[in-house]
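[1] only geometry, no sequence info:
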Ligand SMILES: Nc1ncnc2c1ncn2[C@@H]1O[C@H](COP(=O)(O)OP(=O)(O)O)[C@@H](O)[C@H]1O
Ligand SMILES: [Mg+2]
């Protein structure tokens with residue numbers, strides 16, 4: 001292939017704007033892992049023909065390959081909204097959902113893609129989705145319709161209607177929000193993370209609980225906190241638990257709600273989400289994978305996206321309404337994509353690094369995960385020792401792997417066989433920790449664009465500056 005690439009490169013020197021050549025070259029680069037070169041070639045095709053579907057798909061694919069999942073999702077969704085019959089975009093989105101662990105949604109998109117184009121069948125995706133049932137509402141169009149419709153409140157859309165924790169009001173459901181509740185989770189449900197919990201107490205809980213004190217000094221309570229760190233280390237979990245800890249309402253917007261608003265060009269919905277949070281104060285408004293919204297990617301910020309970002313920023317500034325008692329938490333794995341405008345005073349002006357758990361932290365997480373599972377003689381510390389660099393999500397994967405193994409045996413014998421520490425250690429040996437790759441990217445940003453000491457905590461963690 002490398003030879004082929006050389007030949008193509010030569011050909012391109014003679015005919016630099018030849019779209020088919022550029023596409024061939026880009027495809028070849030992707031296969032060789034030359035992601036930046038691939039992106040550049042696709043971009044050159046797009047310079048001439050901005051709506052070139054294959055080239056747009058290529059850029060999205062390259063983003064996914066370089067770990068920019070939310071960027072890949074934004075791009076794939078845009079392609080699908082411009083070209084609803086593009087099966088390849090469905091498959092790419094399916095793959096993105098698999099990366100994000102949302103298998104039912106991935107299955108729905110995969111099925112949709114195949115309906116559009118049978119020949120796209122992908123054994124790799126099928127293997128990942130084996131036995132998964134499609135999510136009922138996950139057709140992208142359907143979801144967009146749900147978000148833009150102003151239908152009335154429907155009790156039946158509340159899945160766990162047995163508790164009365166849901167504040168009244170249909171807007172949340174019309175908006176298709178991932179989460180709107182008073183979480184039962186609290187800090188006890190989160191293993192380890194002691195330093196982060198302490199920071200959250202100081203920066204979030206204490207101010208909300210002593211609002212009068214702050215008022216006396218004419219300081220506002222609320223505002224924004226940005227959590228960042230490698231994937232799977234508990235950012236989403238601790239945010240939800242924080243709301244539970246202070247018995248605040250928790251309104252969560254996941255990546256897809258953000259993307260849907262973006263693509264649906266619906267700043268109005270953004271306003272409604274903030275209104276909902278204000279009406280239900282004290283509340284935590286949680287933007288998961290906020291980089292999808294706050295991305296410093298000028299190409300994406302033109303047109304529709306721009307309006308939504310402006311709407312978000314002005315809601316956050318409380319320009320028109322008072323955000324008293326509304327705390328906004330954003331979480332991101334890719335803080336380097338966050339536009340500095342989002343970090344100005346009054347916006348996400350406080351940041352918290354959520355590192356991978358240390359050994360005692362891992363032992364506590366193992367304790368939390370092991371609850372309600374048939375396990376004999378669990379030795380969390382022995383297992384934690386064998387799981388260096390593992391995130392909380394990695395530890396959960398270890399339990400899943402070991403459980404699968406034991407289930408196979410159980411099915412053969414027809415008896416429940418409890419998990420042992422040995423099974424878990426064996427499973428851990430087969431699992432590759434996911435946090436290392438993150439630090440490779442983070443290190444570059446931390447060393448070369450550490451404006452205002454934003455990444456000091458990362459550098460401390462890596463031992464590159466003193467604690
Ligand atoms: N500290 C923790 N205690 C218990 N479980 C954890 C912890 N951190 C992560 N997990 C597990 O990993 C999963 C993914 O964590 P999540 O909060 O979504 O990570 P992030 O948002 O940082 O990517 C959680 O749903 C939980 O099962
Ligand atoms: Mg998360």
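    That came through fine. Because the structure is a prediction, the values reported are computed rather than measured. Ligands and ions are numbered 1, 2, ... in the order given.
[2] mean confidence for stretch 198-218?
    For stretch 198-218, mean pLDDT is 82.
[3] Can you tell me what sits against that stretch?
    220-221, 225, 238, 242, 245-246, 248, 282, 325, 327, 350, 352 (C-beta atoms under 8 Å, 6 or more residues apart in numbering). Where C-beta positions appear, they are placed from N, C-alpha and C, glycine not excepted.
[4] List the buried residues of it.
    Buried residues in stretch 198-218, counted by 16 or more other C-beta atoms under 10 Å: 199, 200, 201, 204, 205, 207, 208, 211.
[5] show me what contacts residue 390?
    With contact taken as C-beta under 8 Å, 6+ apart, residue 390 is in contact with 356, 357, 362, 398, 428, 431, 433, 435.
[6] I'd assumed residue 192 was in contact with the second one.
    I take that to be residue 357. Yes: if you go by C-beta atoms under 8 Å, residue 357 and residue 192 touch, sitting 4.5 Å apart.
[7] and for those two, which residues touch both?
    364, 365.
[8] between those two, who's got more neighbours?
    Neighbours around residue 357 and residue 192, counted as other C-beta atoms under 10 Å, are more numerous at residue 357. The numbers are 28 against 24.
[9] Report the secondary structure state of that one.
    Reduced to three states with DSSP: H, G, I helix; E, B strand; the rest coil, the structure at residue 357 is coil.
[10] Pull up the per-residue confidence for it.
    With respect to pLDDT, residue 357 has a value of 96.
[11] now the helix or strand encompassing residue 460: mean pLDDT?
    If you go by DSSP states H and E, residue 460 is part of helix 456-461. What helix 456-461 shows for mean pLDDT is 92.
[12] Tell me how far it lies from the chain's centre.
    Computed by C-alpha atoms, centre = their mean, to the nearest Å, the chain-centroid distance of helix 456-461 equals 22 Å.
[13] cool, stretch 121-134 as well?
    The answer for stretch 121-134 is 21 Å, by C-alpha atoms, centre = their mean.
[14] Please apply the same query to stretch 251-262.
    Offset of stretch 251-262 from its chain centre (C-alpha atoms, centre = their mean): 11 Å.
[15] cool, and stretch 202-218?
    30 Å.
[16] So what would you say the end-to-end distance of stretch 424-442 is?
    End-to-end distance for stretch 424-442, by C-alpha to C-alpha, to the nearest Å: 30 Å.
[17] now it: how far from the chain's centre is it?
    In terms of C-alpha atoms, centre = their mean, the centre of stretch 424-442 is found 18 Å from the chain centre.
[18] Show me what it is in contact with.
    Residues outside stretch 424-442 that contact it (C-beta under 8 Å, 6+ apart) are 67, 229-233, 333, 336, 356, 378, 382-383, 386-391, 393-394, 397-399, 401-402, 405, 455, 458, 462.
[19] near ligand 1, which of the residues you listed show up?
    Taking C-beta under 6 Å from any ligand atom as the test, ligand 1 is in contact with 231, 232, 233, 393 out of the contacts of stretch 424-442.
[20] There's contact between the third one and residue 358 in this structure, I believe.
    Right, the one you point to is residue 233. No: Residue 233 lies out of contact with residue 358 (C-beta under 8 Å); the separation is 11.4 Å.
[21] Neighbour count: those two, which is higher?
    Remark: of residue 233 and residue 358, residue 233 carries more neighbours, 29 against 13, as counted by other C-beta under 10 Å.
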